[in-house]
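Give me coordinates for this.
(chains A, B, C, D, E and F)
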Protein chains: 6
Amino acid sequence: MSSRYDDFQAFRTRLNERILGEGTADRPSGTLNTKRFFTLDGNCYKAGALDVKTKELLGLVASMVLRCDDCIAYHIDQCLKAGCTPAELFEAFDVALIVGGSIVIPHLRRGVEFMDEVVGRGDGAQSG
Amino acid sequence: MSSRYDDFQAFRTRLNERILGEGTADRPSGTLNTKRFFTLDGNCYKAGALDVKTKELLGLVASMVLRCDDCIAYHIDQCLKAGCTPAELFEAFDVALIVGGSIVIPHLRRGVEFMDEVVGRGDGAQSG
Amino acid sequence: MSSRYDDFQAFRTRLNERILGEGTADRPSGTLNTKRFFTLDGNCYKAGALDVKTKELLGLVASMVLRCDDCIAYHIDQCLKAGCTPAELFEAFDVALIVGGSIVIPHLRRGVEFMDEVVGRGDGAQSG
Amino acid sequence: MSSRYDDFQAFRTRLNERILGEGTADRPSGTLNTKRFFTLDGNCYKAGALDVKTKELLGLVASMVLRCDDCIAYHIDQCLKAGCTPAELFEAFDVALIVGGSIVIPHLRRGVEFMDEVVGRGDGAQSG
Amino acid sequence: MSSRYDDFQAFRTRLNERILGEGTADRPSGTLNTKRFFTLDGNCYKAGALDVKTKELLGLVASMVLRCDDCIAYHIDQCLKAGCTPAELFEAFDVALIVGGSIVIPHLRRGVEFMDEVVGRGDGAQSG
Amino acid sequence: MSSRYDDFQAFRTRLNERILGEGTADRPSGTLNTKRFFTLDGNCYKAGALDVKTKELLGLVASMVLRCDDCIAYHIDQCLKAGCTPAELFEAFDVALIVGGSIVIPHLRRGVEFMDEVVGRGDGAQSG
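Numbering: from 1, shown residues only, chains lettered A, B, ... in the order given. Coordinates of the predicted model:
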């Protein structure tokens, strides 16, 4: 049975290939600007003055207050891979909840369910 | 066959128990701040200088202009339980539509369908 | 000395005349669609199944969660004219604060200051 | 098998009839203000100083930065019917992506998938 | 006497130099990612499948529904320089107003005042 | 001559006293719910599983993507007090810029100007 995690990754991969691929005259792909934006998006989460874990937490909270379920799921996965614990994630959720208000709650529920699924798979390095 | 109303309530209940429950070291629940925010969220709709019906209408319109389907569904249900009629709800929808613009329309459609389902169940006290 | 209230009303009146006026070929005013939208905006706060006071409170909370200072000021003024008390306004502010989060706080501060100025003028019908 | 396009059109049509229809005392439809807003919404995309194609592109980019999948789907369909090519749509997507940020990306993915479905049906007049 | 147009351009120029300049160890400027984003932002309004005028109108409407006065002012200026007439701008304003709702009105007022100032300076190529 | 920093702190202090103070029957202050929300807002930035510096960075990025100048200024000040360097702040700005898009740029400009003012005062503990 497919999981939300697998569905999410499969759709993301398929459409990224469609948008970032070569395209044809009849079926153009994204423009050079589109592709540069995707590259820049990846680059800004790389380690620099701030480490990857902190940057992924920033991406997570930004996604929660802007209320995008796919972005929240993506950054929860990245945070867990970068070593965040669920206890740390819940504190990041709190900042999003207080800054963004109760309108964030339905996204929090779906985010917690997704976090539990990712933790349950045991792919990451996180611990309670 | 499950309804949108039943699905919504079941998911909401299950995740609220997950977030507001006790948790364990391996599987922590929401923090004390998370729990206090949920309590505060419930408290601000209780009768005071304004009555429950007015406050639920305020919550509904806030949810519509911020465009959260789950929040809209929740407050439509609460408004009907507090005695709002569909005619009153349609006037509240109008304020949300005019303030928030045509971007609200898809949420209005889903909200009207949800309202019709709740009214059709006959659990509330509302009349046309 | 000019007050925020007077400045706000003067700017609003001057630009509404510019947008809703007749215009010339060289200096067109708003389109028929613009003008119809302004009319519709006024109409949706008129008494119907819900009374004016409730509708103005709905407009106020919608404006707060969308964080528009001018809209907040306008609806605070209209709420006070419709008979809302400051105690009722503070409860409406709470719904906006809980739904919209701490990002609403700077607008709450400016809204409270504006409310105090309007109450201090004694033009309205409100009492504590 | 039903497509996303067919599902979207069927739901939209059914609920618009519910909201804009006559209604009864027991089951009221949208108010006169609701209906006027829907009319105004349709009117503002008609040809004037700007042509239909430009206006639909404006509606599309507005929908993308406000992140409403149904509105994005609707305007992609209208843009293709007004003669936009996929290459033009990708440049409009870029403006939305740069103005609105990476939070737009999940909506871009679903928009591209929808565009491909509409182009694949061959109902419109567009070419690559 | 300084105008809103002059103040806006002076502040924008000064801070862009601060952010995009070389910086020092004690006073760093924006990162390479910051600078690339600014470049990408400029590039996406260049002529391609869509012309500059259309792209600037897209940027304007995106800015209006997201309600950023500085962005609105910037794109009004660019639209006028690209040959838009005030009549065309008012139709673009309408799309923003209908999609984004009455919350856009205060930004519309300030946008119209800014448009009148720019048109009055006669720097551009627009005519009524 | 007053600075933006001083003006901001003075207004914030004065209105917080108005809202969180005791009030009178004629001039009520914020409700118990208002006051609890302010307390909760303060509590969620205290050290826990995440340290204060990380939490303030989360608050900053959330404020930037939601585009509230006062909130951005407040969290820049708190980040500097918690030991963030301008180089770290610029990387946090990047996440906000990429997630939130070019609509964040005017707020970035004002944020950088504010950061420079705070750093120039030398009240904090930050270094380049």
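
Every contact and neighbour count from this point should use C-alpha atoms.
OK.

And the helices in chain A, which stretches?
A:4-20, A:32-43, A:52-66, A:69-81, A:86-100, A:105-121 (DSSP state H).

what angle separates the fourth one from helix A:52-66?
Helix A:69-81 runs at 160 degrees relative to helix A:52-66, counting by axes from the mean of the first three to the mean of the last three C-alpha atoms, to 10 degrees.

packing partners for helix A:69-81?
Under the contact criterion of 3 or more C-alpha pairs under 8 Å, 6 or more residues apart in numbering or on different chains; DSSP states H and E, helix A:69-81 touches helix A:52-66, helix A:105-121.

what are the phi and psi values for whatever residue of chain A ends up closest to chain C?
Proximity to chain C, evaluated over chain A using C-alpha to the nearest C-alpha, is greatest for A:Gly101 at 3.5 Å. Here is the backbone geometry of A:Gly101 (degrees, to the nearest 10): phi 90, psi -180.

quick one: the residue lying closest to it once chain neighbours are set aside and A:Phe93, what's the gap?
Using C-alpha to C-alpha, 6 or more residues apart in numbering or on different chains and skipping the chain neighbours, the partner closest in space to A:Gly101 is C:Gly101 (3.5 Å). For C:Gly101, the distance to A:Phe93 (C-alpha to C-alpha, to the nearest Å) stands at 13 Å.

higher neighbour count, these two?
When C:Gly101 is set against A:Phe93 and neighbours are counted by other C-alpha atoms under 10 Å in any protein chain shown, the residue ahead is A:Phe93, at 28 against 24.

ok now do that one, which residues does it touch?
Counting by C-alpha atoms under 8 Å, 6 or more residues apart in numbering or on different chains, A:Phe93 touches A:Val61, A:Met64, A:Leu108.

Output the set of residues of chain A in proximity to chain F.
Residues of chain A lying close to chain F by C-alpha under 8 Å from any C-alpha of the partner chain are A:40-41, A:44-45, A:48-50, A:54-55, A:57-59, A:61-63, A:65-66, A:87-88, A:91-92, A:94-96, A:98-99.

Give me the ChimeraX select line for these, limited to the buried ones.
Selecting only the buried entries of the residues of chain A next to chain F in ChimeraX, with 16 or more other C-alpha atoms under 10 Å in any protein chain shown as the criterion:
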select /A:40,41,44,45,50,54,55,57,58,59,61,62,63,65,66,87,88,91,92,94,95,96,98,99
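
filter the residues of chain A next to chain F down to the ones near chain C?
A:Ile98, A:Val99.

Give me the mean pLDDT for stretch A:40-47.
Regarding stretch A:40-47, the rounded mean pLDDT is 98.

Report the separation between the two terminal residues of that stretch.
By C-alpha to C-alpha, the extent of stretch A:40-47 from end to end equals 14 Å.

thinking again about what came up before, can I get the helices of chain A in CSV including distance to F:Gln9?
What follows is these, written out as CSV (distance: least, C-alpha to C-alpha, whole Å):
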stretch, distance to F:Gln9
helix A:4-20, 45
helix A:32-43, 35
helix A:52-66, 25
helix A:69-81, 34
helix A:86-100, 20
helix A:105-121, 31
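
Quick one: closest of those to F:Cys71.
helix A:86-100 (9.6 Å; C-alpha to C-alpha).

Send me the closest one as PDB with only the CA atoms.
What follows is helix A:86-100 as a C-alpha-only set of coordinates in PDB (Å, rounded to 0.1, in the frame of the first residue of the first chain):
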ATOM      1  CA  PRO A  86      10.900  15.100  17.400                       C
ATOM      2  CA  ALA A  87      11.200  17.200  20.600                       C
ATOM      3  CA  GLU A  88      13.100  19.800  18.600                       C
ATOM      4  CA  LEU A  89      10.600  19.700  15.900                       C
ATOM      5  CA  PHE A  90       7.700  20.300  18.300                       C
ATOM      6  CA  GLU A  91       9.500  23.400  19.600                       C
ATOM      7  CA  ALA A  92       9.900  24.700  16.000                       C
ATOM      8  CA  PHE A  93       6.200  23.900  15.500                       C
ATOM      9  CA  ASP A  94       5.400  26.100  18.500                       C
ATOM     10  CA  VAL A  95       7.100  29.100  17.000                       C
ATOM     11  CA  ALA A  96       5.100  28.600  13.800                       C
ATOM     12  CA  LEU A  97       1.900  28.100  15.800                       C
ATOM     13  CA  ILE A  98       2.400  31.300  17.900                       C
ATOM     14  CA  VAL A  99       3.600  33.500  15.100                       C
ATOM     15  CA  GLY A 100       1.100  32.100  12.500                       C
END
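
wait, isn't the residue nearest to A:Gly101 in contact with A:Val95?
No: distance between C:Gly101 and A:Val95: 10.1 Å, which falls outside the contact criterion (C-alpha atoms under 8 Å).

one step back: contacting residues around the residue of chain A closest to chain C?
For A:Gly101, the contacting residues are C:Leu97, C:Ile98, C:Val99, C:Gly100, C:Gly101, C:Ser102, by C-alpha under 8 Å, 6+ apart.

and with 6 Å instead?
Counting by C-alpha atoms under 6 Å, 6 or more residues apart in numbering or on different chains, A:Gly101 touches C:Ile98, C:Val99, C:Gly100, C:Gly101.

again, but for A:Ser102
The neighbours of A:Ser102, taking C-alpha under 6 Å, 6+ apart as the test, are C:Ile98, C:Val99.

any idea how far it is from C:Val118?
According to C-alpha to C-alpha, A:Ser102 and C:Val118 sit 30 Å apart.
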